[in-house]
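Peer 1: what follows is a predicted protein model with its sequence.
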Amino acid sequence: MITLLLSVLAAAFLAPWIIQWKRSAARWFALIPFGLFLFSLTWISSVAEADSIVQTYPWMPSLGLSLSFLLDGLSLLFVLLITGIGTFIVWYASDYLKHHPDLGRFYFWLLLFMFAMLGLVISDNLIALFVFWELTSITSYMLIGFNHESAQSRKLALQGLFVTVGGGLVLMTGFILLGQISGTYQLSAIIQQPINESPWLSATLVLILVGAFTKSAQFPFHFWLPNAMAAPTPVSAFLHSATMVKAGVFLMARLHPAFFEQPLWSNAQMIFGTATMFIGAWLAWCSTDIKKVFAYTTVMALGTLTLLLGIGSDYALVAFVCYLLGHSLYKASLFMIAGGIDHSAGTRDLTKLSGLRSKMPVTFVVMVIGALSLAGLPPMFGFIGKELLLEAGLGADIWVISAIFLSSVLVSAVAIVVVVKPFFGKQMNGDSNVHESSIPLLAGPVVLLSLSLVFGLVPMLAQVALVNATLASVSPDSINTTLKLFPGINTALGLSFLSLIMGIIVASGWKPFRFWADRLWEISKRLSPEAGYFAFMDGIASFAGWQTRVIQNGRLGSYMTVLILATLLPVAWVLLDSVGLPHFSSTLDLTLYEWGMVVLMLSSTAFAVITRSRFASIISLGALGFSVALIFVHFSAPDLGITQVLVETLTVLLLVLVLVKVPGFARYSSTSEVVKDATVALFAGTVLSAVVMAAIPVQWSPAISSYFIDNSYELGKGRNIVNVILVDFRALDTLGEIFVLAIAALGIYSMMKLKGHRHD
Amino acid sequence: MTEHHKSARTDSLILRTGTLFILPLQLVFSVFLLLRGHDEPGGGFIGGLVASGAFALYLYAFGHSALERLVRVSPKDILAVGLLLGLLATVPSVFFGDAFFTALWLEVSLGDNLVKLSTVLIFDIGVYLTVIGTLLTILMSLAEQLWEEQ
């Protein structure tokens, strides 16, 4: 299984170079998914017998991390769909984007997406699945925004990215919770032994559902999918109809055996699924751009699939599998046809297209077949799916079946419009360029729809090859049904017929409805979830601007204040909490010269702060340093004292050197600012002193100084203990310190050199 | 004396004359501090600081071009040699089978005196040179940029 993934990955990375070298090589890339498709076909029998295959590659055995893959009916179905449809998409793109300069880059992202999607469906580990999930979002972003010079493309690609990645963040939280409460991150184990009771279960379910809903464009996250139509058509046909958007549905199906008994899970799926289904159908009816129409019918289909999972009855699950397969086949084909029409007629607007039948006969026939499948009419496989859908709906509540009925009315109407409008009627203006689509553009729809036809006429084929195995992985109990093209006269058939009739009636009113469609669009623009998305993004941007203006306003003083307070407030709190206020001994017993040192230090500090002369300020800081040296000497630390004196001298010299260029001190701060700064400074000094005083009496281990005193001459052969520590006992630290000195010197040197260059 | 006169930076005769006398003495003193550091107060850091102080004095008296001429090598080279010596001091012990960075001592008697040579001394000299190199780099780059040179 890992060869599957790695070969696609390798192809993705090689693509840009190969195509740059020889453009015509592009269409041969289709052989890669085709080869993988054939390879995956060999797994059909093994999956049918063994129920599921798990392959594990140890990755970090010490941490118990391994790369594990799960191949069962559900994942095999998806693998075949991804590679099969992918073959045609790659071939299609080689012709559709023939003249595009960035073809290599396109193939890179497309193949990388295929890699990610394949990884997603065969992954057995929750975290690995999540990584592939996010990778599909990223590749989708790059592909939607492929025409990156168009601002509209970029904006819509970003929208798709934010919605799916935001959902991904929620999903990750849900996965981590799931892994924690189940005790394992391995999917196959979680599904076999699902957790029924846990205080975190509801939260986990909600989080995972939100993640799946964002990816599969359920209401209220549906708005990114039609906007993703800004992508080139091959992308829409592949990602946003047949594969990527199904990832959420895939996840829900994968977890179905574990969670379908939870009412939270199944009810949410039913409610949101129904809403999405109806809204998708309605908006498809309202749209005029062919690709948008198909996008909304995809939303409808995704809602239907979610709804079916929510219903969860035997009929519903069989319906789920058939509808999934049927939809992938016809939707990818329809998108490819739409691309062909766009390519030759130059527009996708249904109000403008007409009379293409004579110039594009093959496209016309294929579109008819595709529309039959969309509307769910015999003898297409889509009919079987729709019948099962109605059957399942009849087994559920009244509002479910009504919603299904109304949606199918609208979809039938849409299917009729999509066939009639572009192809019948008088010839378009400026149709000299209209030509039949080339073979690469037509091959996909022809083959996929023929497959749909074949499956419709001989459903046993689909059943044995794909449906049974998929059912086994989705359903907790085993289901035995046989798919029949004509299951007999029953309510479902009647409803189907009725919806078709009503669809024809509704379709005839398409043109007059345009007026109302535009009015409704204006209203919904302000109230829709998409408007909410834009408001949210604007809100984040303005908050970021405000926060930056306040905290990072360019003034050194405020940066220091923020740093000091952010560091020392928590320290102060912990200190007060654990140790309390520092207490001083009641008697301050200092000798005269100790008092002298205190006075010296305090007065030089005060003078440094108050004085107006910069040189005086520097000198008094130097005086402060010298009085610290006095303290060292007083406590018998000659080395420290000498070092302090020398360092202080050099500091003063350096400061004088630098400050000669700085203008004289001026009063920049108002009195209130001075008070504020003084408070912060006093606070910092007090907290730090308190920390030192609290730390002095703490002794966790015996003092190390006795060791040094004993061994300094024995081992270090020196009587100056400080020096022996520096260059012998702790020489490694000193080595690090001299490197730090060197880095500081080089930093100053480069800063000064840069300054010099700028002046030139 | 005259070549120093030409590049004098300050008008103070006392500073200039004093510097010319103090500089060599201070440099010798810094070496003295370096070598006595193991048994008496002193050592690599202190010696380096004293030497840098001497050079800083010269810088103030005569300007940075004069200092460049006095210290004929580039300060960054001094810095690099110091770091190299510090690193080299860690190596010999490995050849003798001890752990990395173990001190090795060689005691040589010159007449009545016992001179103790060691890798520790090499390390200390490395520290000394690094400190001088650091401070010279800083001083000279600051002075070059911030002072108008005649």
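Peer 2: Cool, got the structure.
Peer 1: for residue A:66, helix, strand, or coil?
Peer 2: Under DSSP: H, G, I helix; E, B strand; the rest coil, residue A:66 falls in the strand class.
Peer 1: and if you look at the one 4 residues further on?
Peer 2: Secondary structure assignment for residue A:70 (three-state DSSP): strand.
Peer 1: right, and it touches residue A:122 too?
Peer 2: Yes: applying CB atoms under 8 Å, one finds residue A:70 in contact with residue A:122, separated by 6.3 Å. No exception for glycine: its C-beta is placed from N, CA and C like everyone else's.
Peer 1: backbone phi and psi for the residue sitting furthest away from the middle of chain B, please?
Peer 2: Residue farthest from the centre of chain B, counting by CA atoms, centre = their mean, is residue B:97 at 32.8 Å. Note on residue B:97: backbone dihedrals following degrees, to the nearest 10 are phi 90, psi 0.
Peer 1: how much space between it and residue B:88?
Peer 2: Separation of residue B:97 from residue B:88 (CB to CB, to the nearest Å) stands at 18 Å.
Peer 1: please apply the same query to residue A:52.
Peer 2: Counting by CB to CB - residue A:52 and residue B:88 are separated by 63 Å.
Peer 1: neighbour count for these two, which is higher?
Peer 2: Higher neighbour count among residue A:52 and residue B:88: residue A:52, with 19 against 13, using other CB atoms under 10 Å in any protein chain shown.
Peer 1: can you give me the helices in chain B?
Peer 2: Secondary structure of chain B (DSSP state H): helices located at B:2-6, B:13-36, B:44-62, B:64-70, B:75-88, B:92-95, B:119-146.
Peer 1: tell me which residues of stretch A:176-186 come out buried.
Peer 2: A:176-179, A:181-182, A:185-186 (16 or more other CB atoms under 10 Å in any protein chain shown).
Peer 1: average pLDDT for stretch A:727-736?
Peer 2: Averaged across stretch A:727-736, pLDDT comes to 90.
Peer 1: right, I mislabeled it, should have said stretch A:657-667
Peer 2: pLDDT averaged over stretch A:657-667 gives 71.
Peer 1: one more: stretch A:233-241?
Peer 2: Mean predicted lDDT for stretch A:233-241 stands at 85.
Peer 1: distance between that stretch and the chain's centre?
Peer 2: Put simply, stretch A:233-241 sits 19 Å off its chain's centre (CA atoms, centre = their mean, to the nearest Å).
Peer 1: okay, that stretch in CSV with CA atoms only?
Peer 2: Provided in CSV are the C-alpha atoms of stretch A:233-241 (Å, rounded to 0.1, in the frame of the first residue of the first chain):
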residue,chain,number,x,y,z
THR,A,233,-12.5,22.8,-14.6
PRO,A,234,-10.3,19.7,-14.1
VAL,A,235,-9.9,20.7,-10.5
SER,A,236,-13.6,21.2,-10.0
ALA,A,237,-14.3,17.8,-11.6
PHE,A,238,-11.8,16.0,-9.5
LEU,A,239,-11.7,17.7,-6.1
HIS,A,240,-14.9,19.4,-5.7
SER,A,241,-17.2,16.8,-6.9
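Peer 1: buried ones in that stretch?
Peer 2: A:233-241.
Peer 1: among those residues, name the ones in helices.
Peer 2: Those of the buried residues of stretch A:233-241 lying in helices (DSSP H): A:233-237.
Peer 1: so which of those residues is the closest to residue A:579?
Peer 2: Compare each of those with residue A:579 using CB to CB and the shortest gap goes to residue A:235, at 62.8 Å.
Peer 1: the residue lying closest to the closest one once chain neighbours are set aside: how many residues sit nearby?
Peer 2: Distances taken as CB to CB, 6 or more residues apart in numbering or on different chains put residue A:143 closest to residue A:235, at 4.5 Å, once the chain neighbours are dropped. Residue neighbour count, defined by other CB under 10 Å, stands at 25 for residue A:143.
Peer 1: surely residue A:143 is in contact with residue A:233?
Peer 2: No: using CB under 8 Å, residue A:143 makes no contact with residue A:233, being 11.3 Å away.
Peer 1: and the helix or strand where residue A:11 lies with strand A:65-72, angle?
Peer 2: Assigned by DSSP states H and E, residue A:11 falls within helix A:2-21. Put simply, helix A:2-21 runs at 90 degrees to strand A:65-72, going by axes from the mean of the first three to the mean of the last three CA atoms, to 10 degrees.
Peer 1: check the offset of helix A:2-21 from the chain's centre.
Peer 2: On CA atoms, centre = their mean, the centre of helix A:2-21 falls 23 Å from that of its chain.
Peer 1: what mean pLDDT would you report for that helix?
Peer 2: Mean pLDDT, helix A:2-21: 74.
Peer 1: in that helix, what's buried?
Peer 2: Residues of helix A:2-21 classed as buried: A:4-5, A:7-9, A:11-12, A:14-16, A:18-19 (neighbour count, 16+ other CB under 10 Å).
Peer 1: which helices and strands does the next helix or strand after that helix pack with?
Peer 2: Next helix or strand after helix A:2-21 toward the C-terminus (DSSP H and E): helix A:31-41. Contacts defined by 3 or more CB pairs under 8 Å, 6 or more residues apart in numbering or on different chains; DSSP states H and E place helix A:31-41 against helix A:2-21, helix A:73-96.
Peer 1: please convert the ones you listed to TSV, extending it with distance to chain B.
Peer 2: Converted to TSV, the helices and strands packed on helix A:31-41 look like this (distance: least, CB to the nearest CB, whole Å):
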stretch	distance to chain B
helix A:2-21	41
helix A:73-96	54
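Peer 1: JSON lines for those helices, including distance to residue A:306?
Peer 2: Below are the helices and strands packed on helix A:31-41 laid out as JSON lines (distance: least, CB to CB, whole Å):
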{"stretch": "helix A:2-21", "distance to residue A:306": "28"}
{"stretch": "helix A:73-96", "distance to residue A:306": "15"}
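Peer 1: what's the closest of the ones you listed to residue A:41?
Peer 2: Judging those by CB to CB, what sits closest to residue A:41 is helix A:73-96, at 7.2 Å.
Peer 1: ok so, going back, elements contacting the helix holding residue A:11?
Peer 2: Checking 3+ CB pairs under 8 Å, 6+ apart, helix A:2-21 ends up next to helix A:31-41, helix A:103-122.
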